[in-house]
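Colleague: When you get a sec, could you give me coordinates for this:
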Amino acid sequence: MKVCIKCFKEKKESEYYTRPDGVLYNDCKDCKRAYYRELHKLKSKSLEWRVKRSEQNKKRYHANKHTEVTNEQ
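Modeller: Numbers count the residues shown, from 1 in each chain. Down below sits the predicted model:
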């Protein structure tokens, strides 16, 4: 059992992500998910992020479209 540093609840070790070196993170999966959801909400409201994301999606769309055309031939 381990105590989360964000919600201060005692949870099983399976409720924590492991770091690449094999050690458990100090915040539980639920707190980590909540943090990243909030971060995503804030980023999605930013105009710069939305423009950058739109450009990435356009590039990905055209790259996939090009590979589909070459695969069909």
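
Colleague: all contacts plus neighbour counts: C-alpha atoms, from now on.
Modeller: Noted.

Colleague: mean confidence for the lengthiest helix in the chain?
Modeller: Criterion DSSP state H: the longest helix present in the chain is helix 47-72. Taken as a whole, helix 47-72 has a mean pLDDT of 86.

Colleague: For that helix, buried residues please.
Modeller: The neighbour-count check on helix 47-72 (16 or more other CA atoms under 10 Å) flags nothing as buried.

Colleague: Figure out how far it is from the centre of its chain.
Modeller: Its chain's C-alpha centre lies 20 Å from the corresponding centre of helix 47-72 when counted by CA atoms, centre = their mean, to the nearest Å.

Colleague: From the contact counts, what lies against it?
Modeller: helix 29-45 (3 or more CA pairs under 8 Å, 6 or more residues apart in numbering; DSSP states H and E).

Colleague: quick one: the helix it packs on to chain centroid distance?
Modeller: 8 Å.

Colleague: buried sites along that helix?
Modeller: Buried positions in helix 29-45, judged by neighbour count with 16+ other CA under 10 Å: none.

Colleague: Name the residues that touch it?
Modeller: Applying CA atoms under 8 Å, 6 or more residues apart in numbering, the contact partners of helix 29-45 are 6-7, 15-17, 49-50.

Colleague: among those, which two are most distant?
Modeller: The span of the contacts of helix 29-45, defined through CA to CA, is set by Glu15 and Arg50 at 32.6 Å.

Colleague: before we move on, the earlier item: selection in PyMOL covering whichever of the contacts of helix 29-45 are buried, please.
Modeller: Selection of buried members from the contacts of helix 29-45 for PyMOL, criterion 16+ other CA under 10 Å:
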select buried, resi 15+16+17
